[in-house]
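>>> Provide a 3D model corresponding to the input given below.
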Amino acid sequence: MSAWRPLLDALRGRLPPDPATGLMRGSLRWLEHTMRERGANPNAVRNVLYRGVGTGGDKRALFELLRELHAEAGLPTPDAPEPLEDRVAHVELLGRSKRLAFRQFMSALKAGRAPRLIVTGRAGVGKTLLIEHLEREIARLRGAPSVTRLLLEGESAPALQAALDRVGGDGGALARLHERLPYAVQAEWQAEAARALRGRVRGVLLIRAGTQGTFAGVPPRLPGGAATSLGVWAHEHLLRGLPDDVAALLALDDAVDLVSPAAEVLPLKPPTAEEARRYLMARLPLAPGEADTLLRAAGRNLDRLALLSSVRGLESGDAQGAARLLRDTHARALIAALAVTLPDGAISVPRWHLEAALGRPIADLPPHARQLLDEVNEAAPRPVSRSLVPTLRAHLKSSELHTTHRRAAAALLAGTPDAARTEAAVLHLAHLNDWDGAVNAMALHSTPEALAARTWSLARRTAQGAAREVLARETVRHHARLGQYDHPDAREALSVLLEHPASAVRAWARVKLAESAVERGAFDAADAQLAALDAEVPPGGQDAWARGARVDAALVRAAVLRWRGDLPGATRAVQEATRVAPAPLDARVLLWRGLIAKDRGDYPAAVADLTAVAERDPLSRGRALYQAGDLRLRFGQPFAALAALREALGMLEAAHAAAEERARVTARLGTALRRVGRLDEAWPRLQDATRLAQDTDPVLMARIESETVPLLLARGQADEALLSATRALARLADAPFRPDEAAYRARRTRYRMALAYLTRAMNVPYLNPFPGALSDHPDLQAARALLDAHLALPWGDADRDRTLRLDALLSRALAEPDAARAASFVDAAMDLADQPYAEAQARAAMADVRWRAGDAAGTLALVNRAHALARRVTAGLVGEQATPDPGLTANLLTLEARALMRDGDDPKHTVAWLHETLSGDALAPFRAGVWREVGVALEAYGAAGWAAARATFPHLPDVPRLPDALRFAAGMGTARAEQQPVR
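Reported below is the predicted structural model:
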């Protein structure tokens with residue numbers, strides 16, 4: 001018999017039933033239920049009790065539960081049937097206050113709550129150790145939440161940026177932060193960075209905040225600009241206002257300066273001498289006398305106990321202890337490697353990086369040297385104490401640090417280094433002032449300009465000659481690509497180039513000034529910058545600076561002409577850039593050439609150029625994929641568009657693109673999801689886009705609010721859609737710049753406002769199949785008035801203008817109850833259809849008009865042609881991407897089914913055929929609408945319509961309306977489908 005059985009047998013008949021579950025407390029089923037509630041494995045109960053088989057974690061959880069039941073039954077506390085490795089043994093050794101904090105936090109998490117806790121205590125009390133053990137324990141939970149850990153101490157911008165990177169937050173505010181800004185602006189950038197983290201963090205946030213520190217050299221500031229401590233800053237900007245479903249622990253030195261703490265404050269006490277002794281004995285193989293010696297030197301400082309096993313008094317400034325450690329060649333090499341690889345503010349270093357600096361695997365270190373590392377996270381070891389490297393760095397010779405930097409750079413560049421290793425190697429070379437080597441290494445990286453920008457603070461003081469010019473150019477490029485023309489480093493690097501004696505270098509810098517003018521919509525200023533270019537750069541100049549200046553100038557001209565609506569001129573400018581640029585073409589040239597081709601409506605050329613942008617440049621590749629995704633939406637390839645837009649967003653996030661840019665892509669991704677019927681996935685994307693665009697360009701905010709309108713209509717929220725359109729128009733009316741773009745967005749938003757009135761009049765969601773009007777309604781009259789005014793405006797030749805006009809004509813046909821008049825609008829749309837998908841849309845619209853006019857044969861002919869066009873659109877694609885537009889398909893199937901029945905087809909056959917045709921996953925979001933419209937048509941057959949439906953669905957629900965019965969019987973059990981009204 002298993003040694004566990006007596007623990008269960010002793011409880012039989014001693015405990016009452018559990019009122020919450022009705023199960024007998026201590027029964028097998030109750031034990032399984034309670035194990036599940038506590039996040040343990042319920043299936044382990046019988047294996048452990050009857051066979052003694054189970055994991056250590058399962059056995060510990062079950063024994064803890066049985067021990068509680070024994071106490072409840074008044075029985076003696078049992079001994080464990082076997083030795084149980086306690087995975088929180090180190091927490092047990094930390095002292096009572098930390099155990100309380102640990103258990104309080106973990107218990108709340110396991111119960112499904114999002115706890116908030118502030119712990120305080122002097123340096124060395126064990127706050128960081130508590131956070132480490134919480135992080136490790138959370139990772140072991142079933143369905144473990146994500147954990148974001150943030151250490152704010154000293155220069156804290158790198159730590160905050162790293163946390164933003166982990167959660168996909170926007171670090172643009174941190175990049176703009178510098179000491180010369182007004183205090184209020186410094187405070188606002190800091191607050192924006194905190195908002196970016198709060199808005200993206202999920203799961204658990206663990207923060208350790210010191211007292212003194214800065215962000216990019218700027219003191220922490222409260223709203224208004226008052227300086228404060230890191231702890232108060234973290235409390236006010238991060239803990240307060242955190243989403244309700246995010247758990248958080250904030251560890252501070254003290255809470256004296258907190259006003260109205262946002263969570264319970266739990267003081268932590270240093271361990272007693274006995275607790276510290278037990279902790280040390282558990283961590284290290286020491287004799288009792290040795291442990292007492294180390295404890296006396298450590299003063300019960302938990303951060304120093306492990307360190308003192310190798311460093312005997314180092315933490316207390318014992319020079320002899322430091323000397324003894326540094327006399328050991330293995331320990332000294334490790335300290336030197338840590339000194340050159342551990343960035344300021346960081347607490348750990350990637351294993352591959354530390355081993356490159358060491359020149360050997362960490363596993364090859366002797367045990368005494370390895371004691372200096374905490375390898376709880378094997379991939380990112382850390383010194384056992386944060387003070388270890390700062391304390392010993394001063395004892396190292398500059399020559400050995402130089403040698404370690406050189407060793408690390410050589411090891412990292414050996415073979416074919418990846419981006420992370422190349423970046424690390426460049427930083428080592430920068431510390432060596434080997435700028436020629438750094439520039440050569442940057443050429444191996446996918447984004448050399450980003451690396452140059454990171455090293456500019458060093459390069460501006462020490463780099464000379466050609467290397468200095470290259471680094472200045474790449475720094476300017478980096479900030480220009482992100483739209484950060486006003487960044488102090490960008491301005492300084494640009495000044496270096498504008499003062500250069502070579503005219504070609506000055507000309508290149510002047511083009512960047514023109515780019516910045518285009519970015520803020522000052523096109524005349526851009527023209528003025530470009531006007532003097534030819535004098536400085538003769539057309540025949542072939543050096544890299546001259547050629548680069550002419551290429552970039554041509555692209556700036558293309559941008560200006562594009563914004564002014566001069567597509568022929570923009571085309572000529574981008575052709576000039578193509579002619580001058582060296583082969584293979586730069587990603588920016590391909591991107592702009594594809595963009596202009598897209599605007600012209602030259603879709604094959606646009607797709608060819610946009611898809612040719614190399615993955616080596618994530619930012620340009622992300623931008624190209626965004627444009628390609630948008631183009632595929634227009635082509636009627638929504639699944640291919642969805643894939644391109646997802647990849648674009650991922651690349652832009654990885655490249656730290658500006659929040660505005662990511663907002664545009666996120667919004668378009670939401671639109672693609674709406675087009676394939678995934679409304680519940682689309683809505684969070686539009687909300688994300690709105691958050692990213694907050695407090696930015698009003699035209700962008702209006703664009704996103706406008707793009708939300710069709711999604712709200714698809715969700716059946718017409719009033720909310722009207723309100724969103726109204727807000728967008730108000731923003732556009734006050735837009736301070738880019739008047740042409742604002743005018744286009746206003747025109748598009750008024751069109752969407754017309755859609756809102758059309759949708760409200762039809763009383764069905766704006767999701768295919770969306771039928772045309774059969775009778776008039778006041779909201780239809782409002783929609784027609786808006787659309788007629790819209791169509792009466794002068795229109796440009798750009799592709800987006802033609803597309804918007806075509807959409808407006810098709811919507812005008814839907815809003816027109818007079819079938820003959822509706823046909824005239826579809827005819828006008830047909831004249832604008834310049835690609836198969838647009839023609840398929842127009843033919844589907846004409847089929848709807850023919851059906852409304854009673855022409856079944858004409859409807860079927862148009863439907864068949866539209867089906868063929870829709871299939872042609874996705875020919876050559878594979879997998880899910882080869883699926884024709886499901887919304888258009890649903891519309892065509894609805895028209896076909898109704899026309900077949902009107903043409904004399906047996907309704908039984910039609911319903912059976914339609915049921916089989918709708919079985920694909922892609923059509924699932926649209927089935928409700930199809931059965932709604934076909935059900936309405938079947939109702940005209942009376943009892944025969946019900947009989948036709950029952951032939952395919954024998955168990956029709958007992959409801960009065962046939963459309964409802966069909967939707968429910970066909971599996972339309974989603975809340976969204978059930979809420980679809982029936983006309």
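>>> mind listing what's buried in the longest helix along the chain?
With secondary structure taken from DSSP state H, the chain has its longest helix at helix 739-762. Buried positions in helix 739-762, judged by neighbour count with 16 or more other CB atoms under 10 Å: 741-742, 744-762. (Glycine included, C-beta is placed from N, CA and C.)
>>> name the helices or strands packed onto that helix?
Judged by 3 or more CB pairs under 8 Å, 6 or more residues apart in numbering; DSSP states H and E, helix 739-762 is in contact with helix 698-714, helix 718-733, helix 778-792, helix 799-814.
>>> and R382, what are its phi and psi?
When read as degrees, to the nearest 10, the backbone of R382 gives phi -140, psi 150.
>>> Next, name the residue at the spatial heart of the protein.
The residue at the geometric middle of the chain, judged as the C-alpha nearest the mean C-alpha position with CA atoms, centre = their mean, is G168 (4.3 Å).
>>> My guess is that residue contacts E653. True?
Yes - taking CB atoms under 8 Å as the definition, G168 is a contact partner of E653 at 5.3 Å.
>>> Give the rounded mean pLDDT of the longest helix of the chain.
Averaging pLDDT along helix 739-762 yields 94.
>>> Sheet partners, orientation included, of the longest strand along the chain?
The longest strand of the chain (DSSP state E) is strand 204-214. Note on strand 204-214: by DSSP bridges, its sheet partners are strand 147-155 (parallel), strand 247-252 (parallel).
>>> Run through who's touching stretch 612-620.
By CB atoms under 8 Å, 6 or more residues apart in numbering, the list of residues contacting stretch 612-620 from outside reads 446-447, 481-482, 587-588, 590-591, 594, 621, 623-625, 651-652, 654-655, 657.
>>> For ChimeraX, write the select line for the buried members of the residues you listed.
Selecting the buried subset of the contacts of stretch 612-620 in ChimeraX, with 16+ other CB under 10 Å as the burial test, is done by:
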select :446,447,481,482,587,588,590,591,594,621,623,624,625,651,652,655,657
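>>> Just the ones of the contacts of stretch 612-620 in helices?
Here DSSP H is the test, and those give 481, 587-588, 590-591, 594, 621, 623-625, 651-652, 654 as lying in helices.
>>> Give the helix, strand or coil label for V764.
Using DSSP: H, G, I helix; E, B strand; the rest coil, the three-state assignment for V764 comes out as coil.
>>> ok, it touching F770?
Yes - counting by CB under 8 Å, a contact exists between V764 and F770, whose distance comes to 6.8 Å.
>>> so what sits against both of these two?
Shared contacts of V764 and F770 (CB under 8 Å, 6+ apart): G929.
>>> in this protein, which spans are strands?
Assigned by DSSP E, the chain shows strands spanning 116-120, 147-155, 204-214, 247-252, 264-267, 373-374, 382-383.
>>> so of these, which one's packed in deepest?
A comparison of the strands of the chain by mean neighbour count, using mean count of other CB atoms under 10 Å, puts strand 247-252 on top with a mean of 25.
>>> ok now it, how far from the chain's centre?
Distance, stretch centre to chain centre, for strand 247-252: 24 Å (CA atoms, centre = their mean, to the nearest Å).
>>> So what touches it?
When contacts are defined by CB under 8 Å, 6+ apart, strand 247-252 is touched by residues 101, 105, 108-109, 113-121, 127-128, 130-131, 134, 145, 203-209, 231, 234-235, 238-239, 242, 258, 263.
>>> Can you show me the CA trace of stretch 773-780 as CSV?
Taking only C-alpha atoms (Å, rounded to 0.1, in the frame of the first residue of the first chain), the coordinates of stretch 773-780 have been written out as CSV:
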residue,chain,number,x,y,z
ALA,A,773,-33.3,49.1,-50.4
LEU,A,774,-36.8,48.0,-51.4
SER,A,775,-38.6,51.0,-49.9
ASP,A,776,-37.7,54.5,-48.7
HIS,A,777,-36.9,55.6,-45.2
PRO,A,778,-35.8,59.0,-43.7
ASP,A,779,-32.3,57.6,-43.0
LEU,A,780,-32.0,56.5,-46.6
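>>> for it, which positions count as buried?
A773, H777, D779, L780.
>>> isn't T666 right next to L692, touching?
Yes - under the criterion of CB under 8 Å, T666 is in contact with L692, at a separation of 6.3 Å.
>>> For G929, see how far away L809 is.
Note on L809: its distance to G929, by CB to CB, to the nearest Å, is 23 Å.
>>> Would you map the helices across the stretch 801-950 of the chain?
Counting by DSSP state H, counting those that start in this stretch, one finds helices in the stretch 801-950 of the chain at the ranges 819-832, 836-852, 856-873, 886-902, 907-917, 927-939, 943-952.
>>> Same list, those helices, but as CSV with mean pLDDT please.
Shown next, in CSV, are the helices of the stretch 801-950 of the chain (pLDDT from 0 to 100):
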stretch, mean pLDDT
helix 819-832, 96
helix 836-852, 97
helix 856-873, 95
helix 886-902, 96
helix 907-917, 94
helix 927-939, 94
helix 943-952, 93
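>>> can you list the ones you listed in TSV and add mean neighbour count and distance to L645?
Rendered in TSV, the data for the helices of the stretch 801-950 of the chain read as follows (neighbours: other CB atoms under 10 Å; distance: least, CB to CB, whole Å):
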stretch	mean neighbour count	distance to L645
helix 819-832	18	25
helix 836-852	25	17
helix 856-873	19	18
helix 886-902	24	17
helix 907-917	17	28
helix 927-939	24	24
helix 943-952	17	38
